[in-house]
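Peer 1: Sharing a model that was predicted from the sequence below.
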Amino acid sequence: MTTELDDYIATRADVRAYLDRALSDAESHSQQEAALFETVKDKLIQSGARLVAHYYVDSEIQRLAEETGGLVSDSLEMARFGASDPAETLIVAGVSFMGETAKILSPEKRVYMPTLEATCSLDLGCPADKFHEFCDAHPDHTVVVYANTSAAVKARADWVVTSSIAVDVVESLTAQGQSLIWAPDRYLGRYIQKRTGAEMLLWDSACVVHEEFRLNDLDALQSMYPDAGLLVHPESPEEMIDRADAVGSTSQLIDAAERLPNPSFIVATDRGIFYKMQQRVPSKRLIEAPTRGAGGTCQSCAHCPWMAMNRLSGINHLLDHWSQKSEIVIDPALAEAAMKPLTRMLEFKASQSA
Ligand code: 13P
Ligand code: SF4
């Protein structure tokens, strides 16, 4: 069936030629990408290194991890996998705290990242010297920090947690009557506080991606999709969390998409998650929660700028050069100190699963 647009194009040789050229460029680009993917996959398998990827990186990188025996997961499972997999070399596709965590938990392994420039606004928002001053001012408090921090901040902590385990750990510490320092994400801190009733002093930092999810245009979206469930990562503002059908880590949100009966979901987290979420719920519709529109800022626009620095071409370059510039190196004394609260987290998780 031809449309008016087809009829118009048929009368315009210049437009037709332009479209043919654009189509041919796109085809050749996707052929090059497919060829690069196969090249990188062969090199990765031959190298024996294991690729550990977060849900927020490019879908091609997630697929590469899936097809080479690596892992795609939330930050807790990334930490667990890196420490338990026998591979001597890990390539972590994510942000720097994820690479550092892998190195701290497996000091004997070589840990690389496609780029060491990939940081996190929470990590940047919690400089170690200022954080140490904060802890010094409250010596009677147990220090609980989010995994999204530097090794130097973790080294000062009693506990490290990720969003998938934070509520459980804080609940257990509160039951023991402990008062807590929490850093750095204030939204996650408030959420934990609300869920557990914990007495917590909160550091004041936020994630540049999740902070942009606001109620403003949510009402309009929900009236367009009245059956849609709302899935919210707990780094988001309280107003979003309060309206959510499920709140949790990236893995927990994917589980919720499968568990809840809704035919569609509005998803308030980085849109990189859609690749894996859609695999698990192929027949459900996934919709990005609004970051633009009335009152929206849309600077990160639901995609972490640091996660986006992980590119297939970067992994290709890494596999060719294994440059020291891409290798995670941590001061051994710092790593030893940071290992304690991280190990505590993994032991807590293991005790839950037992
Ligand atoms: P998860 O632990 O849920 O994967 O979160 C990591 C993160 O950086 C979210 O922004
Ligand atoms: Fe950090 Fe936010 Fe990016 Fe997660 S999405 S890595 S919290 S900046």
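Peer 2: Done, it's in. Ligands and ions are numbered 1, 2, ... in the order given.

Peer 1: Quote the end-to-end distance of stretch 289-296.
Peer 2: 11 Å (C-alpha to C-alpha, to the nearest Å).

Peer 1: Go through that stretch and flag the buried ones.
Peer 2: 289-291 (16 or more other C-beta atoms under 10 Å). Any C-beta I mention is one placed from the backbone N, CA and C, and that applies to glycine too.

Peer 1: want to throw those into JSON lines with distance to ligand 1?
Peer 2: JSON lines is the format used below for those (distance: C-beta to the nearest ligand atom, whole Å):
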{"residue": "289", "distance to ligand 1": "14"}
{"residue": "290", "distance to ligand 1": "18"}
{"residue": "291", "distance to ligand 1": "14"}
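
Peer 1: Need these in CSV (columns: pLDDT and secondary structure).
Peer 2: Compiled in CSV, the buried residues of stretch 289-296 are given as follows (pLDDT from 0 to 100; DSSP: H, G, I helix; E, B strand; the rest coil):
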residue, pLDDT, secondary structure
289, 95, coil
290, 92, coil
291, 92, coil
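
Peer 1: For those residues, could you give me JSON lines that also reports distance to residue 91?
Peer 2: JSON lines is the format used below for those (distance: C-beta to C-beta, whole Å):
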{"residue": "289", "distance to residue 91": "31"}
{"residue": "290", "distance to residue 91": "34"}
{"residue": "291", "distance to residue 91": "30"}
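
Peer 1: check contacts around the residue of the stretch 1-150 of the chain found nearest ligand 2.
Peer 2: Using C-beta to the nearest ligand atom, the closest approach of the stretch 1-150 of the chain to ligand 2 is made by residue 120 at 3.1 Å. Going by C-beta atoms under 8 Å, 6 or more residues apart in numbering, residue 120 touches 95-97, 148, 207, 304, 306.

Peer 1: What segments of the stretch 201-350 of the chain are helices?
Peer 2: Counting by DSSP state H, counting those that start in this stretch, the stretch 201-350 of the chain has helices at residues 218-224, 238-243, 250-259, 274-280, 312-321, 332-353.

Peer 1: Tell me which residues of the shortest one come out buried.
Peer 2: For helix 238-243, a neighbour-count test (16+ other C-beta under 10 Å) marks 240-241 as buried.

Peer 1: what is the mean pLDDT for it?
Peer 2: The pLDDT scores in helix 238-243 average 96.

Peer 1: So which elements touch that helix?
Peer 2: Using 3 or more C-beta pairs under 8 Å, 6 or more residues apart in numbering; DSSP states H and E, the elements in contact with helix 238-243 are helix 186-196, strand 229-232.

Peer 1: With the third one instead?
Peer 2: The contact analysis (3+ C-beta pairs under 8 Å, 6+ apart) places helix 250-259 against helix 75-84, strand 229-232, strand 246-247, strand 264-268, helix 274-280.

Peer 1: And residue 176, how close does it get to ligand 2?
Peer 2: From residue 176 over to ligand 2 the distance is 28 Å, taken as C-beta to the nearest ligand atom, to the nearest Å.

Peer 1: And that residue, how close does it get to residue 142?
Peer 2: Residue 176 sits at a distance of 9 Å from residue 142 (criterion: C-beta to C-beta, to the nearest Å).

Peer 1: Between those two, which has more neighbouring residues?
Peer 2: Counted by other C-beta atoms under 10 Å, residue 176 and residue 142 do not tie: residue 142 has more neighbours, with 18 against 7.

Peer 1: pLDDT score assigned to the more buried one?
Peer 2: 98.

Peer 1: My read is that it contacts residue 159, right?
Peer 2: Yes: here residue 142 reaches residue 159: they are 7.1 Å apart, a contact under C-beta atoms under 8 Å.

Peer 1: Overlap of the contact sets of those two?
Peer 2: residue 173.

Peer 1: How many residues are close by residue 313?
Peer 2: Neighbour count for residue 313, taken as other C-beta under 10 Å: 11.

Peer 1: Identify the residues contacting it.
Peer 2: Contacts for residue 313 were tallied using C-beta under 8 Å, 6+ apart; they are residue 36.

Peer 1: Next one, pLDDT for it please.
Peer 2: At residue 313, pLDDT is 97.

Peer 1: What count of nearby residues applies to residue 350?
Peer 2: 10.

Peer 1: Any figure for the gap between it and residue 163?
Peer 2: 18 Å.

Peer 1: I'd like to know how far the nearest residue to residue 82 once chain neighbours are set aside sits from ligand 1.
Peer 2: Spatial nearest neighbour of residue 82, chain neighbours left out: residue 102 (3.8 Å); criterion: C-beta to C-beta, 6 or more residues apart in numbering. According to C-beta to the nearest ligand atom, residue 102 and ligand 1 sit 14 Å apart.

Peer 1: May I ask which helix or strand encompasses residue 102?
Peer 2: Using DSSP states H and E, residue 102 falls within helix 96-105.

Peer 1: which parts of the stretch 1-150 of the chain sit against ligand 2?
Peer 2: Residues of the stretch 1-150 of the chain lying close to ligand 2 (C-beta under 6 Å from any ligand atom) are 95, 120-122, 148.

Peer 1: need those residues in a markdown table with pLDDT and secondary structure, can you?
Peer 2: Formatted as a markdown table, these follow (pLDDT from 0 to 100; three-state DSSP):
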| residue | pLDDT | secondary structure |
| --- | --- | --- |
| 95 | 98 | coil |
| 120 | 98 | coil |
| 121 | 98 | helix |
| 122 | 98 | helix |
| 148 | 98 | coil |
